[in-house]
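A.B. asks: Dropping a prediction and its sequence here:
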Amino acid sequence: MTVLASLAAAVSVIGLLQVLLASQLVLRFARAKRAVPAWRPPVTVLKPLHGGEPLLEDALETICRQDYPRWQVVFGVGDASDPAVAVVRRLQTRFPACDIALVIDSTLHGRNRKVGNLINMLPAARHDVLVIADSDVHVRPDYLDRLVLALAEPGVGLVTTIYAGLPATEALPAMNGAIQITQSFLPGAIMARAIGRQDCLGATMCLRRQDLVRCGGLGALVDHLADDNVLGRRVRGLGLRVCLADTVTLTTVPEDNHAALFRHELRWARTIRVLEPAAFAAAAMQYPLAWALAAVLLSGGEPLSLGLFAIAWLLRAIAAARVDRALATQWTGEDKAALAFKCPVWLLPARDLLSVAVMVASYGGRQVDWRGYGLHADTPDAVEPAARFAPIEEINAR
């Protein structure tokens with residue numbers, strides 16, 4: 001093969017090794033023994049809402065079905081005419097024993113409307129352990145138990161969770177989006193943990209109210225697109241750890257066309273590229289089928305490159321099946337598992353190519369689309385050292 005074809009083939013082999021290793025780490029994570037929490041404090045779950053998303057009521061219902069002694073759910077919208085209001089009203093009727101509050105407040109606080117919504121919601125929170133969770137997150141009944149168990153560990157200031165993709169329908173775009181989340185993002189996040197990273201994954205963020213105040217509060221996040229990254233950095237600035245809970249949540253993949261899916265993934269890609277440029281560029285190796293196909297094209301279809309492509313596809317399919325089987329055990333008995341953990345392996349080559357295309361497009365600027373609003377991916381300022389934050393005694397005295 002040519003030099004370029006050989007280089008592409010080498011990258012594909014490295015990518016395959018990474019994919020197989022990541023699938024083994026997912027298996028180990030799924031098989032780890034789950035402890036029973038001894039500390040079960042009252043918890044407030046903050047759920048900012050915006051619009052009527054596919055599977056919205058189904059996702060929100062899961063937080064109302066927690067097997068937990070005492071918790072409050074605060075939903076927030078910026079407009080009384082938002083379709084999500086009717087969903088919350090139905091949940092209040094369906095779950096009368098669940099402590100559900102709805103905050104309707106259009107006050108804007110900065111560029112990040114989700115965080116602005118949270119600022120409006122926070123006064124309604126009655127408990128000191130706070131869970132900030134996206135509207136499209138589906139959780140198991142022991143979700144709060146898994147979060148507080150991790151938060152109780154010494155030195156932990158923030159708990160987050162990994163999540164798999166749940167396609168809203170069996171349409172091709174939704175399936176493609178779910179593959180990216182479950183087969184690339186999730187294994188990559190677990191591998192990042194294995195090498196010592198403490199990334200905050202914004203779908204779920206659990207922390208004590210006092211630590212939120214100490215690291216600057218929600219106001220410190222409101223002008224940043226990557227509010228989860230900023231919060232994680234600030235918590236670490238307090239000398240505390242960001243911990244991964246031993247649970248797997250699901251996030252709805254609502255897209256019914258590839259243009260919408262591309263915009264959504266481009267927002268993620270540009271956000272990560274700006275925050276972690278070196279790690280983002282290196283992540284291109286996690287798409288071995290794209291590199292194997294490049295080797296085929298660059299070599300003019302030599303048999304060796306075709307064989308590599310076939311082997312890469314087979315190993316990628318085996319790794320995907322391992323990930324699906326491992327994660328499905330976390331959702332035993334749930335109908336959602338059948339849709340969430342069913343990777344169509346025939347889509348894997350096209351999915352890898354789409355992922356590479358998104359990565360390439362991410363270098364075209366910083367403009368992103370968030371639910372119809374234009375934002376720019378930004379690089380947060382350096383986090384102040386812990387000594388610059390107010391001590392907890394001072395906060396309690398206020």
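C.D. replies: Okay, I see it.
A.B. asks: Kindly confirm my reading that Arg316 forms part of a strand.
C.D. replies: No. Under DSSP: H, G, I helix; E, B strand; the rest coil, Arg316 falls outside any strand and is assigned helix.
A.B. asks: Skipping its backbone neighbours, what lies nearest it in space?
C.D. replies: In space, and not counting its chain neighbours, Arg316 is closest to Leu348: 5.2 Å by C-beta to C-beta, 6 or more residues apart in numbering. For the C-beta atoms, the positions are set from N, CA and C on the backbone; glycine is no exception.
A.B. asks: Enumerate every residue touching that neighbour.
C.D. replies: 179, 183, 289, 313, 316-317, 320 (C-beta atoms under 8 Å, 6 or more residues apart in numbering).
A.B. asks: now swap in Val131 and tell me
C.D. replies: 43-46, 144, 147, 204-206.
A.B. asks: re earlier: helix/strand/coil for the residue nearest to Arg316?
C.D. replies: Per three-state DSSP, the local secondary structure of Leu348 is helix.
A.B. asks: Just the pLDDT for it.
C.D. replies: Note for Leu348: predicted pLDDT of 97.
A.B. asks: The one 10 residues further on now?
C.D. replies: Model confidence at Val358, given as pLDDT, is 96.
A.B. asks: That one touches Phe262, doesn't it?
C.D. replies: Yes. The criterion here is C-beta atoms under 8 Å, and Val358 meets it with Phe262 at 6.6 Å.
A.B. asks: Common neighbours of these two, please.
C.D. replies: Residues touching both Val358 and Phe262 (C-beta under 8 Å, 6+ apart): there are none.
A.B. asks: Can you verify my assumption that Met205 contacts Asp228?
C.D. replies: Yes. The criterion here is C-beta under 8 Å, and Met205 meets it with Asp228 at 6.3 Å.
A.B. asks: any common contacting residues for the two?
C.D. replies: Thr160.
A.B. asks: Could I get the full set of helices for the stretch 151-300 of the chain?
C.D. replies: 172-179, 186-194, 209-214, 227-237, 258-275, 277-282, 288-298 (DSSP state H, counting those that start in this stretch).
A.B. asks: Any chance of those helices in CSV with distance to Gly116, mean neighbour count and mean pLDDT as columns?
C.D. replies: Formatted as CSV, the helices of the stretch 151-300 of the chain follow (distance: least, C-beta to C-beta, whole Å; neighbours: other C-beta atoms under 10 Å; pLDDT from 0 to 100):
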stretch, distance to Gly116, mean neighbour count, mean pLDDT
helix 172-179, 26, 23, 96
helix 186-194, 27, 19, 95
helix 209-214, 16, 19, 96
helix 227-237, 10, 23, 94
helix 258-275, 18, 19, 92
helix 277-282, 27, 12, 91
helix 288-298, 38, 23, 96
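A.B. asks: Could you dump those helices into CSV with distance to Gly76 added?
C.D. replies: Shown next, in CSV, are those (distance: least, C-beta to C-beta, whole Å):
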stretch, distance to Gly76
helix 172-179, 26
helix 186-194, 27
helix 209-214, 16
helix 227-237, 15
helix 258-275, 22
helix 277-282, 32
helix 288-298, 40
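A.B. asks: looking at these, which is closest to Cys64?
C.D. replies: Nearest of the helices of the stretch 151-300 of the chain to Cys64, taken as C-beta to C-beta: helix 209-214 at 22.0 Å.
A.B. asks: coming back round to it: and the contacts of Leu348, which is closest to Glu255?
C.D. replies: Using C-beta to C-beta, Ile179 comes nearest to Glu255 of the contacts of Leu348, at 12.4 Å.
A.B. asks: In contact with the closest one: list those residues for me.
C.D. replies: Under the criterion of C-beta under 8 Å, 6+ apart, the contact list for Ile179 reads 165, 320, 343-344, 347-348, 351.
A.B. asks: Val45 is in contact with Leu60, correct?
C.D. replies: No. Using C-beta under 8 Å, Leu60 is not in contact with Val45, being 10.1 Å away.
A.B. asks: where does this protein have low pLDDT?
C.D. replies: Along the chain, the model assigns pLDDT under 70 to residues 1, 369-375, 377, 379-398.
A.B. asks: so where do the strands sit in it?
C.D. replies: In the chain, the strands defined using DSSP state E lie at 43-48, 71-77, 99-104, 129-133, 137-138, 156-167, 204-208, 241-253, 367-370, 373-376.
A.B. asks: Can you tell me what sits against the shortest one?
C.D. replies: By C-beta under 8 Å, 6+ apart, the surrounding residues in contact with strand 137-138 are 55, 58-59, 62, 163, 166, 203-204, 249-252, 336.
A.B. asks: from those residues, which would you call buried?
C.D. replies: Those of these that meet the buried threshold are 55, 59, 62, 163, 166, 203-204, 249-252, 336, by 16 or more other C-beta atoms under 10 Å.
A.B. asks: Perfect, that will be all.
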